[in-house]
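Peer 1: Give me a 3D structure for the following:
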Amino acid sequence: MMDVNEIRRYLPHRYPFLLVDRVTELNLNDSIVAYKNVTVNEPFFNGHFPDHPVMPGVLIIEAMAQAAGVLGFKTMDKTPEDGSIYYFVGADNTRFKRPVVPGDRLQLEAKIVTERRGIWKFECKATVEGELACSATILCADRKR
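Peer 2: Residues are numbered from 1 along each chain as shown. Below you'll find the predicted structure:
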């Protein structure tokens, strides 16, 4: 549904911090399904960990927040070019269930829970081949740049 070129219109992130490769489902005002292909070339694997590469948990959370950001921007019909930025402002009830390693396809899902005065709450999960890797309630704030 959205390739990386269109995703870049809705997220200000760039390499090496753009963590959404493709959007496969998008339901405005409701939910998104996207994914990140995790490869051994990722710069963080050099130090996390050299002999046992594992994707850092904070980056899994960031990937879920970026997918949520695409959903929020698309739902609002805004882009960063419009002078809007979407800040990641919180994560609650975060749980990690399995490591994410090179070769995994990390599926990212976000569902809108609420939106009030530019503060969005999303229920998010990241899975690998149907197995839960991480879940969290993520808060994002739409602000002017």
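Peer 1: now stretch 134-141, how far from the chain's geometric center?
Peer 2: Mean C-alpha position of stretch 134-141 versus that of the full chain (C-alpha atoms, centre = their mean, to the nearest Å) differs by 9 Å.
Peer 1: cool, stretch 57-73 as well?
Peer 2: Counting by C-alpha atoms, centre = their mean, stretch 57-73 comes out at 2 Å from the chain centroid.
Peer 1: Ok, stretch 9-27 next?
Peer 2: 7 Å.
Peer 1: what does stretch 39-53 give?
Peer 2: Worked out by C-alpha atoms, centre = their mean, stretch 39-53 lies 20 Å from the chain centre.
Peer 1: Stretch 22-29 now?
Peer 2: Averaging C-alpha positions (C-alpha atoms, centre = their mean) puts stretch 22-29 12 Å from its chain's average.
Peer 1: and that stretch, which residues are buried?
Peer 2: Buried positions in stretch 22-29, judged by neighbour count with 16 or more other C-beta atoms under 10 Å: 22-23, 26. (Each C-beta comes from the backbone N, C-alpha and C, glycine too.)
Peer 1: from the residues you listed, which is closest to F44?
Peer 2: Within these, proximity to F44 (C-beta to C-beta) peaks at R22, which comes in at 20.3 Å.
Peer 1: Show me the beta-bridge partners of that closest one.
Peer 2: Y35 (DSSP bridges).
Peer 1: what sits against it?
Peer 2: R22 makes contact with 2-4, 7, 34-35, according to C-beta atoms under 8 Å, 6 or more residues apart in numbering.
Peer 1: Among the residues you listed, the buried ones, what's the ChimeraX command?
Peer 2: Restricted to buried positions by 16+ other C-beta under 10 Å, the ChimeraX selection for the contacts of R22 reads:
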select :2,7,34,35
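Peer 1: possible to save the contacts of R22 as TSV with distance to R14?
Peer 2: Converted to TSV, those look like this (distance: C-beta to C-beta, whole Å):
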residue	distance to R14
M2	16
D3	15
V4	11
I7	11
A34	17
Y35	18
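Peer 1: so where do the helices sit in the chain?
Peer 2: Counting by DSSP state H, one finds helices in the chain at the ranges 4-10, 57-76.
Peer 1: ok, the residue nearest to Y87 when sequence neighbours are not counted to H13 distance?
Peer 2: Excluding the flanking residues, the one nearest Y87 by C-beta to C-beta, 6 or more residues apart in numbering is A141, at 4.7 Å. Counting by C-beta to C-beta, to the nearest Å, the separation of A141 from H13 is 16 Å.
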